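J.: could you work out the structure for the sequence below:
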Amino acid sequence: MVVSTEGTGKRARPDSRLPVVIVDDLHVEYKVYATGKRATEADRGGLLRRAKRTRTVHALKGVSFTAYENDSIGVIGSNGSGKSTLMRAITGLTPSSSGAVYAVSRPSMLGVGAALIKTLSGQRNVILGGLAMGLSKREVEERYDEIVDFAGIRPFIDLPMRTYSSGMTARLKFAIATVRKHEILIVDEALAVGDRKFRKRSEQRIREIRDNAGTVFLVSHSMQSIRDTCNRVIWIEKGELMMDGDPDEVISAYEATR
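T.: Residues are numbered from 1 along each chain as shown. As a prediction, the model looks like this:
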């Protein structure tokens, strides 16, 4: 069952708003071994012989919705509900079994374009990451201090990345990935790292992307971050779209099931 709060008057959209992402009756299925390991294409030649040792997981079951420009959409649900699968399907990293995803431009998943090299210093990674995000060398130089200060790693910028904590690495990825304008950005649990000040800076950065006609999907277990950042929430449970609408209404319904 899908419950939508559209039409309640709390999230009225001007007709001029551009549909940016359309998810149309999306299904994602994959086979896993009894151990839980996903079967790869190379494995599937022997799947019939091992049929009793595999099972099919229906990760997404007919999910449909439309995202518009200036939408900041929180994506919530319990662990294993299909949130990350949905995000990977939107970016094209996970193929659909049926249905389709349409987007006006290629969605960016936070960190995918900013692959950091652990043997290099933070300084070198800022430069390489900025270039990987499509910035020119001059643009990287102009934004360098902004990236470093946003990530809060200036005392460690000359050290190799292998000495960084996982939180420092995640903050640097976020700073690099969001330094340029995105039409469609997917942020999967990135705001769970760092202290309160960093989370506030991150939430403000997401609002800036949205306000500049970008569309942001934020996957998080922090309902406060969702409320502070998003104008809309989608609730996914066991692969199904349960509710889509006003953040307070959707979050309240979700928390009532916990």
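J.: distance of A170 from T119?
T.: From A170 across to T119, the span is 19 Å (Cβ to Cβ, to the nearest Å). From N, CA and C alone the C-beta is placed, and that goes for glycine too.
J.: with neighbour numbers in mind, choose between the two.
T.: A170 (21 against 9; other Cβ atoms under 10 Å).
J.: looks to me like G134 is in a helix.
T.: No. Counting by DSSP: H, G, I helix; E, B strand; the rest coil, G134 is not part of a helix but coil.
J.: what about it, how many neighbours?
T.: Other residues near G134 come to 11 when the count uses other Cβ under 10 Å.
J.: for M109, same thing?
T.: Count around M109 with other Cβ under 10 Å applied: 20.
J.: for K118, see how far away the closest residue to Q123 other than its chain neighbours is.
T.: What sits nearest to Q123 in space, not counting adjacent residues and going by Cβ to Cβ, 6 or more residues apart in numbering, is I157, at 5.1 Å. Noted for I157: a distance of 15 Å to K118, by Cβ to Cβ.
J.: so between the two, which is more surrounded?
T.: For I157 versus K118, neighbours defined as other Cβ under 10 Å are more numerous around I157 (17 against 11).
J.: doesn't N125 make contact with that one?
T.: No. In this structure I157 lies outside contact range of N125 using Cβ atoms under 8 Å: 9.4 Å.
J.: what residues are up against S121?
T.: For S121, the contact set (Cβ atoms under 8 Å, 6 or more residues apart in numbering) comprises I157, D158, L159, P160, M161.
J.: for burial, what's the neighbour tally of A103?
T.: 18.
J.: surely it touches I90?
T.: Yes. The pair A103 / I90 is scored as a contact, 7.1 Å apart, by Cβ under 8 Å.
J.: show me where pLDDT drops low in the stretch 101-250 of the chain?
T.: Within the stretch 101-250 of the chain, the segments meeting pLDDT under 70 span 111-115, 189-195, 213.
J.: what segments of it are strands?
T.: Using DSSP state E, counting those that start in this stretch, the strands of the stretch 101-250 of the chain run over 108-109, 184-188, 215-219, 232-237, 240-245.
J.: of all those strands, which one is nearest T85?
T.: Closest approach to T85 among the strands of the stretch 101-250 of the chain is made by strand 232-237 (8.9 Å; Cβ to Cβ).
J.: extract the CA atoms of that closest one and return them as PDB.
T.: Output of strand 232-237 as PDB, limited to C-alpha atoms (Å, rounded to 0.1, in the frame of the first residue of the first chain):
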ATOM      1  CA  ARG A 232       9.600  15.900   1.600                       C
ATOM      2  CA  VAL A 233      10.100  12.300   2.900                       C
ATOM      3  CA  ILE A 234       9.700   8.900   1.300                       C
ATOM      4  CA  TRP A 235       9.300   5.900   3.500                       C
ATOM      5  CA  ILE A 236      10.500   2.500   2.100                       C
ATOM      6  CA  GLU A 237       9.700  -0.700   4.000                       C
END
